[in-house]
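[1] Sharing a model that was predicted from the sequence below.
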Amino acid sequence: MKFLLTLSFLALAAVSHAQFIYPDEFESLREEEARRQSTAGGLHLPMFEPTVQNINDVESAPYYPPPLAQSGFQQQDQPDSRPPAASPPVRVNGKPTNNPFDTFLPPRWRDHVINIISRGVTKFTLDMDHAIEKSSPANSRENLLFSPVSLTLTLAMVMLASNGKTFEEVTKILGLKSGVDISHHSEIVHQIFGLLIQQSEQMQLLDPTAPQCKLAFGIFVEDGYPVREQFKAVSEKVYKSEVISVDFSHHNRQAQSVINDWVSNKTNHKIKNMLYEPPSPLTDVIITSALYFSGEWEQHFMEGSTKRKPFTIENGETVYVDMMYNGGYFPFYEDKQLGVKIIGFPYKGHEVTMYAILPNNPGAAALREMKHRLTPEIIENLIANMKNSSCILSYPKMKLSSTLKLQSALEALGLSSLFNPYTADLSVLSPGRAGFNRTQPPPPPSAPSRAPTTGFNGGFRQPTKTLHSDFTFEPRFHGARNNMYRRAKRQSRPIDQDFVDFLNSQKLPTFGVDELRNSAGISNPGLYADDVIHKVEMTVNEKGTEAAAATSVILDRSGDYKRFIANRPFVFFIRHDLAKAIWFWGTMNRPTPFYETP
């Protein structure tokens, strides 16, 4: 399954006679200009006269990214040559926004739902980032890129399928907390995640210029293998997934073709080859999530301004990368206590933003130290304190690819039973079938530990080929003889009881999942996951479809502008600001492509 993220940039540059003024060259030019000018007034760059427009109608003015009300961006005074930044429109293309959180829930519970999603996804993002870092070689300089939303939603599908110890572990790493036993109210969680999916689907329906985001879930099951109706109902109605029968055992190449065709259709043929080799004939189930994203910046970069510049990884270690340049009004904040700068690059449609966090101290080691200090509360505070500010900036042009095998990271987070044929419990997905399991592993020499592990006893796993895909979560489930911890004590994963009472009053449809999970004698089919493979490809470049809204920035003599020069390691993430959900998270230690010489 190919994941393609195309980010369209168009930059604003100071131009006269084909001369570009780069932010890292600006200070020397500014000092020279100050010496030559003795009168007060605006400071103009050499050979550059800014375009000043007399605008009476703000609605017809070129757009300068306004702060998102949902994100709490604050206003900052702007020069008279610019229309003042306004609050984001409540109507898009003349139509009122149709936020599911607004139409389905009153404000009190809408905020409660957003907090459940955002805190859970953000905490999972940071936890996963730390777990991957710990499982990587010490002082690794490799880039890291993954999609928290896609992984969260796919783990939610695993939670839907699971029971006992596996259910407890999944709910824990998803960060589901508060007053009632989640095992009796898990359908509420799935309805909440369903709203997140609905939110992403509606962006382009309301505004064709908004980022395109396509989420698709497919459950491919061995012919004749039984799937419980409760699991099938929630996966289809809430997650919009399809349950499709294929013949892994005898026609695995045909199964490969079916899966690839399904992904291609779900992504408008943007993703054509999810599986590059046939799945193992031992496969019983493949759960697949596909995510396609394409977004265009509200303010673009111009290709002519891109210049090869040094990028410092650590002191004395430098590579050269293609840096893009821009200037204008962007959400910006500097937290001197934390020692970071954060800038936002809004996408068209006013709902999605890429944020970049740059430590004041340079180097990959300083970035790791900064990341270890981040919490969901700190990230929300950074965004809440951002103001639309006059900025000059440089940002790398990148083509990124990240392939992650996440079994070790998920085990380190506490999800160990899913990968163990003797402890996995996916009894809500299937009751199994007597005699259906084709091959059984030999029994272990001793009872496996309940503690998370970073590896397997060799006798626990059947040898299977690893499937590679461009963006996929693929637990391959195989038969297991028994489950030693089927009746492990459940922990309390509560949510607000008043919220539960409110939803019960709305008479929402129920699918019987919680009743099934808590029924006596539910049989364990003996399925377990082989691995989790996650690959993301992302392109960040200057291309766009619209001309720049403005071609000038006026800087007064005081130099009251913000500089964001991403020429050293930084963190970036793409967030849906209405739901406060992080779609992509990246650690940029060394942008690719890079060059040894200028």
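    Nice, I can see it.
[2] give me the element residue 504 is part of.
    The secondary structure element spanning residue 504 is helix 497-505 (assigned by DSSP states H and E).
[3] next structured bit after that helix?
    Reading on from helix 497-505 to the C-terminus, the next helix or strand found by DSSP H and E is helix 513-517.
[4] For the helix holding residue 504, name the packing helices and strands.
    Using 3 or more C-beta pairs under 8 Å, 6 or more residues apart in numbering; DSSP states H and E as the contact definition, the elements that helix 497-505 packs against are helix 107-134, helix 186-206. Heads up, the C-betas are built off the backbone N, CA and C, glycines and all.
[5] which one of those lies closest to residue 523?
    Checking the helices and strands packed on helix 497-505 against residue 523 by C-beta to C-beta gives helix 186-206 as the closest, at 19.2 Å.
[6] Can you mark which positions in that closest one are buried?
    Neighbour-count burial for helix 186-206, counted by 16 or more other C-beta atoms under 10 Å, picks out 186-200, 202-203, 206.
[7] what's the burial count for residue 109?
    The local packing count at residue 109 equals 17, with neighbours defined by other C-beta atoms under 10 Å.
[8] correct me, but it touches residue 502?
    Yes: at 5.9 Å, residue 109 and residue 502 qualify as touching, with contact defined as C-beta atoms under 8 Å.
[9] between the helices and strands packed on helix 497-505, which gets nearest to residue 251?
    Among these, the nearest to residue 251 by C-beta to C-beta is helix 186-206 (31.6 Å).
[10] Which elements pack onto the closest one?
    helix 100-104, helix 107-134, helix 148-161, strand 212-222, helix 497-505, helix 513-517.
[11] What helix or strand is residue 168 located in?
    When secondary structure is defined by DSSP H and E, residue 168 falls within helix 164-173.
[12] what packs against that helix?
    Packing contacts for helix 164-173, counted by 3+ C-beta pairs under 8 Å, 6+ apart, involve helix 148-161.
[13] any idea where the strands of the stretch 351-500 of the chain begin and end?
    Remark: strands of the stretch 351-500 of the chain, listed N- to C-terminal, are 352-359, 387-396, 398-405, 476-478; assignment by DSSP state E, counting those that start in this stretch.
[14] Any chance of CSV for these, columns mean pLDDT?
    Compiled in CSV, those are given as follows (pLDDT from 0 to 100):
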stretch, mean pLDDT
strand 352-359, 94
strand 387-396, 90
strand 398-405, 80
strand 476-478, 45
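[15] what's around the closest residue in space to residue 567 that isn't next to it in sequence, how many residues?
    The shortest distance from residue 567 to any residue that is not its chain neighbour, by C-beta to C-beta, 6 or more residues apart in numbering, is 5.3 Å, and that residue is residue 311. Neighbour count of residue 311, defined by other C-beta under 10 Å: 23.
[16] rewinding a little: return the most buried member of the helices and strands packed on helix 186-206.
    Per-residue neighbour counts averaged over each of these give the maximum for helix 148-161, namely a mean of 25 (mean count of other C-beta atoms under 10 Å).
[17] what angle do it and strand 398-405 make?
    Between the axes of helix 148-161 and strand 398-405, defined by axes from the mean of the first three to the mean of the last three C-alpha atoms, to 10 degrees, the angle is 20 degrees.
[18] isn't residue 565 right next to residue 393, touching?
    Yes: in this structure, residue 565 is within contact of residue 393 by C-beta under 8 Å, at 6.9 Å.
[19] Who has more neighbours out of the two?
    Between residue 565 and residue 393, counting by other C-beta under 10 Å, residue 393 is the more crowded of the two (24 against 18).
[20] How about the secondary structure of the closest residue to the more buried one other than its chain neighbours?
    In this structure, residue 393 finds its nearest non-sequential neighbour in residue 564, 4.1 Å apart by C-beta to C-beta, 6+ apart. In terms of secondary structure, residue 564 is strand; the call rests on DSSP: H, G, I helix; E, B strand; the rest coil.
[21] how near is residue 564 to residue 155?
    Separation of residue 564 from residue 155 (C-beta to C-beta, to the nearest Å): 34 Å.
[22] The longest strand along the chain packs against which elements?
    Counting by DSSP state E, the longest strand found in the chain is strand 317-335. Applying 3+ C-beta pairs under 8 Å, 6+ apart, we find strand 317-335 packed against strand 285-300, strand 307-314, strand 340-346, strand 387-396, strand 562-565.
[23] Which other helices and strands does the first one contact?
    Right, the one you point to is strand 285-300. Applying 3+ C-beta pairs under 8 Å, 6+ apart, one finds that strand 285-300 makes contact with strand 5-10, helix 148-161, strand 212-222, helix 252-266, strand 317-335, strand 340-346, strand 476-478, strand 581-588.
[24] Ok, the fourth one next?
    The elements that strand 387-396 packs onto, with contact taken as 3+ C-beta pairs under 8 Å, 6+ apart, are helix 23-36, strand 317-335, strand 340-346, strand 562-565.
[25] again, only this time at 7 Å
    With contacts defined as 3 or more C-beta pairs under 7 Å, 6 or more residues apart in numbering; DSSP states H and E, the secondary structure elements packing on strand 387-396 are helix 23-36, strand 317-335, strand 562-565.
[26] Compare the mean pLDDT across those and name the weakest.
    Within the helices and strands packed on strand 387-396, the stretch with the lowest mean pLDDT is helix 23-36, showing a mean of 52.
[27] what about residue 209, how many residues close to it?
    Residue 209: 17 surrounding residues under other C-beta under 10 Å.
[28] so it sits right up against residue 347, yeah?
    No: Residue 209 is beyond contact range of residue 347, at 9.0 Å (criterion: C-beta atoms under 7 Å).
[29] for the stretch 351-500 of the chain, what spans make up the helices?
    Using DSSP state H, counting those that start in this stretch, the helices of the stretch 351-500 of the chain run over residues 364-373, 376-384, 407-413, 497-505.
[30] quick one, which of these is nearest to residue 264?
    Among the helices of the stretch 351-500 of the chain, helix 407-413 sits nearest to residue 264 (C-beta to C-beta), with 27.6 Å.
[31] elements contacting that closest one?
    helix 107-134.
[32] Let me know the average pLDDT across the helix it packs on.
    Mean per-residue pLDDT for helix 107-134: 84.
[33] Tell me the strands beside whichever helix or strand comes after that helix, with direction?
    Using DSSP H and E, the helix or strand that follows helix 107-134 towards the C-terminus is strand 144-146. Taking DSSP bridges as the criterion, strand 144-146 forms sheet pairs with strand 581-588 (antiparallel).
[34] How about residues contacting the partner strand?
    Here strand 581-588 makes contact (C-beta atoms under 7 Å, 6 or more residues apart in numbering) with 117-118, 121-122, 125, 129, 143-149, 196, 293, 367, 400, 569-576.
[35] follow-up on the earlier one: compute the inter-axis angle for the longest strand of the chain and helix 364-373.
    Relative orientation of strand 317-335 and helix 364-373, computed by the same axes, to 10 degrees: 30 degrees.
[36] in strand 317-335, what counts as buried?
    With burial defined by 16+ other C-beta under 10 Å, the residues of strand 317-335 counted as buried are 319-334.
[37] Was I right to think residue 149 contacts residue 121?
    Yes: the criterion here is C-beta under 7 Å, and residue 149 meets it with residue 121 at 6.3 Å.
[38] quick one, what contacts the residue nearest to residue 393?
    Contacts for residue 564 were tallied using C-beta under 7 Å, 6+ apart; they are 341, 343, 358, 391, 393.
[39] which pair in those spans the largest distance?
    With distance counted by C-beta to C-beta, no two of those lie farther apart than 358 and 391, which are 12.3 Å apart.
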